[in-house]
Structures are given as C-alpha cells and as structure tokens.
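1. generate coordinates for the sequence data below:
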Amino acid sequence: MSFCDAIWKDVAPLRRSILEQPFLAELADGSLPPASFRHYILQDSLYLAEYARVLAIAAARAPSADGRLEFSDGAKVAVQVEEILHQTFFKQFDITPAMVAMSEPSPACLGYTGYLASLAATRSYEELIAGILPCFWVYWEVGCAIKSIARSPNPYEAWINTYADPGFGEATRRVRTLVDDAASLSTKPARAAMAKAFRTAARYEWMFWDSAYRQLDWPV
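-> Got it, this is the predicted structure:
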C-alpha cells in the first residue's frame, strides 16, 4: 500500500467528520446562511494568499523538475482563485473592498497557515508536501461528495463546481504522486513525520469549516 493510500485510510474517521460538517451539508442543500459563507470566503481569501506562498516555497525546495513545475503552477492557480473570489463570490455575497481590507485571519485560519509556514521554514521538504496535500485531496473529496447530492439551483453552485471539476481532481492526483514518490525514498521516521503533517493539516481543514459555520473570531 502506498503512503498516500495508507494515510488516507488512517484518517477515514476524520474525513467522515468533515463530510458530516453542518457547513457542508447546508451548502449542498443551499440552506447555508449567507453570513457563514461570507465568513468562510473572506477567510479563504486570506488562506489562499498564504497557501500560494507555501506552494512557492515547496517549488523552490523540490528536488525534481516535476515537483518544481507542479508546485509553482499550484501557487499561480491559488493566486488566480483568490482573484476569482473577488470577482464572483465577493460580488454575489455583498463583500465590499472595505470589508476585505478590515478582515484579519481567524484563529483557525491563522493556525492553519502558520502551521504550513512552519513546515516550510523548519521541516523537511517531504513533511511540507505531506502537509500541503490535504488542501487538495480533502477539497476534491468534498467537492465530489457534495456535487452528487447538491440541490439545483444552488447559490453555492459555483463553489461546488470548482472543487468537483475533473481538472482539480487531476491536480490532486499529481500532488499525491509527488508525495508518494517522496515517501518511497524516505526513512521510516521521515514517513511518520509526513503522516503527522498530513493528519494535522487535515484536522485544520475540519476546524476551518467549523469556524466558518459558527462565524468564530478572536474571543478578546
């Protein structure tokens, strides 16, 4: 069994918890309160800006041409998606430039991006890309799961289509291949560290949606 197949099986309970999130269930049936989605999309915009930086660092550290190309392309796409947020979702959900300028990362967003930045700065390339992978793979699973049950018409249809798109699935597959290749050349302790990075990032995915659903901000 490959590293990715093993860790994906290992986090199956966490993946079920993600798919059972009220945020995602209500997004699928179109009943998610706009305020919750507005909170999510603002935080996601902040997240993507930092995620693009982490992908760029992964590209610079990649030992292979495939890795350099994949992660540099991923950084570019993250920036492009951030621009699409401004042009579509921000307009649809009445998010003004002033709201964007005044927003700051929530505890969940800052925790997640800070964790990825710490992997980029202090840990191995193998751990870094294992921590990067859940943002691809979890979103692909969520997009496909929601697409199959989503009500139509749905105010969140564009979001659903983005992450259920076959092109996104193919990008996920390519990153999985890079992670598996790195794991196959690593020691047992290094693979354990990779698994920890993957699990931690996947937990942050759960926290990000939970935070958006409850519109959590700094308590003080």
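2. how about residue 36: what's its closest non-neighbour residue?
-> In this structure, residue 36 finds its nearest non-sequential neighbour in residue 213, 5.3 Å apart by CB to CB, 6 or more residues apart in numbering. (C-beta placed from N, C-alpha, C; glycine too.)
3. meant to ask about residue 150, not that
-> That would be residue 28: by CB to CB, 6+ apart, it lies 4.8 Å from residue 150.
4. wouldn't that neighbour be in contact with residue 149 here?
-> Yes. Applying CB atoms under 8 Å, one finds residue 28 in contact with residue 149, separated by 5.4 Å.
5. between those two, which has more neighbouring residues?
-> Set side by side, residue 28 and residue 149 show more neighbours around residue 28, with 21 against 9, by other CB atoms under 10 Å.
6. just the element for that one, please.
-> helix 22-29 (DSSP states H and E).
7. now do that helix: everything it contacts.
-> By CB atoms under 8 Å, 6 or more residues apart in numbering, the residues outside helix 22-29 that reach it are 18, 32-33, 36-37, 40, 142, 146, 149-151, 154, 156, 159-160, 209-210, 212-213.
8. now, of the residues you listed, which are buried?
-> For the contacts of helix 22-29, a burial check counting by 16 or more other CB atoms under 10 Å picks out 18, 32, 36-37, 40, 142, 146, 150, 154, 156, 159-160, 209-210, 212-213.
9. ok, which pair from those is furthest apart?
-> Largest separation among the buried ones among the contacts of helix 22-29 by CB to CB: 154 and 210, giving 21.4 Å.
10. in terms of pLDDT, where does the closest residue to residue 43 other than its chain neighbours sit?
-> Distance criterion CB to CB, 6+ apart; nearest residue to residue 43, sequence neighbours excluded, is residue 109 at 4.6 Å. Listed pLDDT for residue 109 reads 98.
11. how about the one 4 residues further on?
-> In the prediction, the pLDDT value recorded for residue 113 is 98.
12. and it, what are its phi and psi?
-> Note on residue 113: backbone dihedrals following degrees, to the nearest 10 are phi -70, psi -40.
13. so it sits against residue 51, correct?
-> Yes. At 7.0 Å, residue 113 counts as touching residue 51 under the criterion of CB under 8 Å.
14. between these two, who's got more neighbours?
-> Between residue 113 and residue 51, counting by other CB under 10 Å, residue 51 is the more crowded of the two (23 against 20).
15. got phi/psi on the more buried one?
-> The phi/psi pair for residue 51 (degrees, to the nearest 10) reads phi -60, psi -40.
16. which SSE is the nearest residue to it once chain neighbours are set aside in?
-> Nearest residue to residue 51, sequence neighbours excluded (CB to CB, 6+ apart): residue 78, at 5.3 Å. Secondary structure assigned from DSSP H and E places residue 78 in helix 65-87.
17. need the next SSE after that helix, C-terminal direction.
-> Sequence order places helix 89-92 as the next helix or strand after helix 65-87, per DSSP H and E.
18. the host helix or strand of residue 48 to helix 22-29, inter-axis angle?
-> Assigned by DSSP H and E, residue 48 belongs to helix 34-61. Here the directions of helix 34-61 and helix 22-29 differ by 110 degrees (axes from the mean of the first three to the mean of the last three CA atoms, to 10 degrees).
19. not counting its neighbours along the chain, what's nearest residue 138?
-> Nearest non-adjacent residue to residue 138, counting by CB to CB, 6+ apart: residue 205, 4.8 Å away.
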